[in-house]
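Asks: Curious how this folds, go ahead:
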Amino acid sequence: MEIFQDIIPQKDLCMALGYFDGVHLGHKKVIESAVNFAKKINQKSAVITFKEHPCCYLWGVKPEYILQKEKRIEYIEKLGIDFLYLLDFNKIKNLDGKEYIENILYKNFQPKYIVTGFNHNFGANKSGNTDLLDKYTKIFGYKYEKISPVKMNDEVISSSIIRKYLQDSKIEKANEMLGKEYSISGKVIKGNELGRTIGFPTANVEYPDNLIKMPYGCYKTNVKIGDNIYKSITNVGVKPTVEKKSAPLLETHILNFDKDIYGQEIEIFFGRFIRPEKKFKSIDELKSQIISDINIAL
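Replies: Numbers count the residues shown, from 1 in each chain. Here you go, the predicted structure:
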């Protein structure tokens with residue numbers, strides 16, 4: 001997959017439009033539709049998206065993404081897309097819906113096929129939508145497809161509901177809609193090494209500032225280090241028992257593992273929520289709780 005940070009004109013693309021935060025099962029269906037149609041007519045597929053969520057520019061709010069940018073790119077690539085365009089929304093935010101179709105999509109790509117989700121909006125003041133994309137099919141000569149809602153347990157799969165499940169510590173439900181285990185990656189940093197002194201060393205990773213914040217507490221997890229996966233438990237929080245921090249930390253105890261991985265990139269996969277974070281009266285009480293958490297996770 002080739003990645004472009006700006007508009008590089010290419011003709012006859014089959015393109016999927018959207019931000020695709022989470023690259024969940026609904027997004028997967030949209031992107032795969034572009035891939036499959038491109039193969040059918042022997043052309044190239046593309047995802048047209050943005051470097052940052054439009055809300056950053058429209059409402060001046062700090063985003064809380066489901067996925068780190070690198071993971072969003074990785075999951076899109078796994079779906080077989082040929083080209084990924086990460087555009088700067090700030091440069092086109094004043095275009096209305098028709099101008100976006102004509103001056104961005106048609107002028108630069110002359111697409112053969114455009115696919116979106118059922119609730120896709122675009123253009124200044126949301127002046128563009130699925131009806132407008134369908135309206136201009138004859139004028140600009142592309143085929144348009146709107147993907148119907150993808151449901152799970154009678155709920156429409158969406159980024160917003162997945163965010164709510166993550167905020168409510170309903171990890172299993174979020175994972176079902178994502179079609180994969182929710183994960184966070186980061187470099188292992190040095191801590192105060194208390195875990196090592198009490199027999200439970202942890203790999204500490206700073207919680208990414210721009211991700212959705214999960215409830216503080218202990219989670220059953222798996223950790224990917226290099227090409228290997230290890231069982232683990234992870235505490236998300238501020239370490240209230242020993243040194244309350246202002247910024248959340250991911251403290252992961254990796255079972256049956258005792259290697260120096262400071263500075264290495266690891267990926268933590270969340271399976272389920274075990275219990276909320278709490279302040280313990282003593283280190284012995286903390287040790288007892290960790291043993292209990294491990295037994296629950298196994």
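Asks: Run through the residues that contact the residue nearest the centre of the chain.
Replies: Taking CA atoms, centre = their mean, the centroid of the chain lies closest to residue 67, which sits 2.1 Å from it. Applying CB atoms under 8 Å, 6 or more residues apart in numbering to residue 67 gives the contacts 21-23, 75, 211. From N, CA and C alone the C-beta is placed, and that goes for glycine too.
Asks: List just the nearest of those to residue 247.
Replies: Out of those, the one with the shortest distance to residue 247 is residue 211. That distance is 12.5 Å, counting by CB to CB.
Asks: Got the confidence number for the closest residue to that closest one other than its chain neighbours?
Replies: Of all residues beyond its chain neighbours, the one nearest residue 211 is residue 65 (5.6 Å), with distances taken as CB to CB, 6 or more residues apart in numbering. According to the per-residue confidence, residue 65 scores 93 in pLDDT.
Asks: Could you give the number of residues near residue 65?
Replies: 19 (other CB atoms under 10 Å).
Asks: Can you verify my assumption that it contacts residue 184?
Replies: No - in this structure, residue 65 is not within contact of residue 184 by CB atoms under 8 Å, at 10.9 Å.
Asks: Quickly list what's touching both of the two.
Replies: Residues touching both residue 65 and residue 184 (CB under 8 Å, 6+ apart) are residue 211.
Asks: re the thing from before, phi first, then psi, for the residue nearest to residue 211.
Replies: Geometry field for residue 65 lists phi and psi as phi -80, psi 160, criterion degrees, to the nearest 10.
Asks: Run through the residues that contact it.
Replies: By CB under 8 Å, 6+ apart, the residues touching residue 65 are 21, 53, 72, 210-212.
Asks: Go through these and name the one nearest residue 40.
Replies: The shortest separation between residue 40 and any of the contacts of residue 65 is 26.0 Å, and it belongs to residue 72 (by CB to CB).
Asks: From what I see, that closest one and residue 21 are in contact.
Replies: Yes - using CB under 8 Å, residue 72 makes contact with residue 21 at a distance of 6.9 Å.
Asks: so who does residue 77 touch?
Replies: Remark: with contacts taken as CB under 8 Å, 6+ apart, residue 77 is in contact with 1, 84.
Asks: so it, which of the three states?
Replies: Secondary structure state of residue 77, per DSSP: H, G, I helix; E, B strand; the rest coil, is helix.
Asks: go on, residue 269?
Replies: At residue 269, secondary structure determined by three-state DSSP is strand.
Asks: beta partners of it?
Replies: For residue 269, the beta-bridge partners under DSSP bridges are residue 183, residue 222.
Asks: From residue 160, how far off is it?
Replies: For residue 269, the distance to residue 160 (CB to CB, to the nearest Å) stands at 22 Å.
Asks: ok, these two, which is more surrounded?
Replies: Neighbours per residue, other CB under 10 Å: of residue 269 and residue 160, the larger number sits with residue 269, 19 against 11.
Asks: pLDDT wise, what is the more buried one at?
Replies: Turning to residue 269, the model gives it a pLDDT of 98.
Asks: could you flag which of the contacts of residue 65 are buried?
Replies: When the contacts of residue 65 are checked for burial by 16 or more other CB atoms under 10 Å, the buried set is 21, 53, 72, 211-212.
Asks: got the residues you listed as a markdown table, with distance to residue 223 columns?
Replies: As requested, the buried ones among the contacts of residue 65 are exported to a markdown table (distance: CB to CB, whole Å):
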| residue | distance to residue 223 |
| --- | --- |
| 21 | 24 |
| 53 | 28 |
| 72 | 21 |
| 211 | 17 |
| 212 | 20 |
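Asks: Need the worst-confidence member of those.
Replies: Among the buried ones among the contacts of residue 65, pLDDT bottoms out at residue 53, giving 80.
Asks: in the stretch 151-298 of the chain, what spans have low per-residue confidence?
Replies: Within the stretch 151-298 of the chain, the set of residues satisfying pLDDT under 70 comprises 192-199, 239-246.
Asks: if I pick the residue nearest to residue 290 when sequence neighbours are not counted, what's in contact with it?
Replies: Distances taken as CB to CB, 6+ apart put residue 200 closest to residue 290, at 5.2 Å, once the chain neighbours are dropped. With CB under 8 Å, 6+ apart as the criterion, the residues that contact residue 200 are 253, 287, 290.
Asks: Residue 175: which of the contacts of residue 67 is nearest?
Replies: For these, the minimum distance to residue 175 (CB to CB) is 11.0 Å, reached by residue 22.
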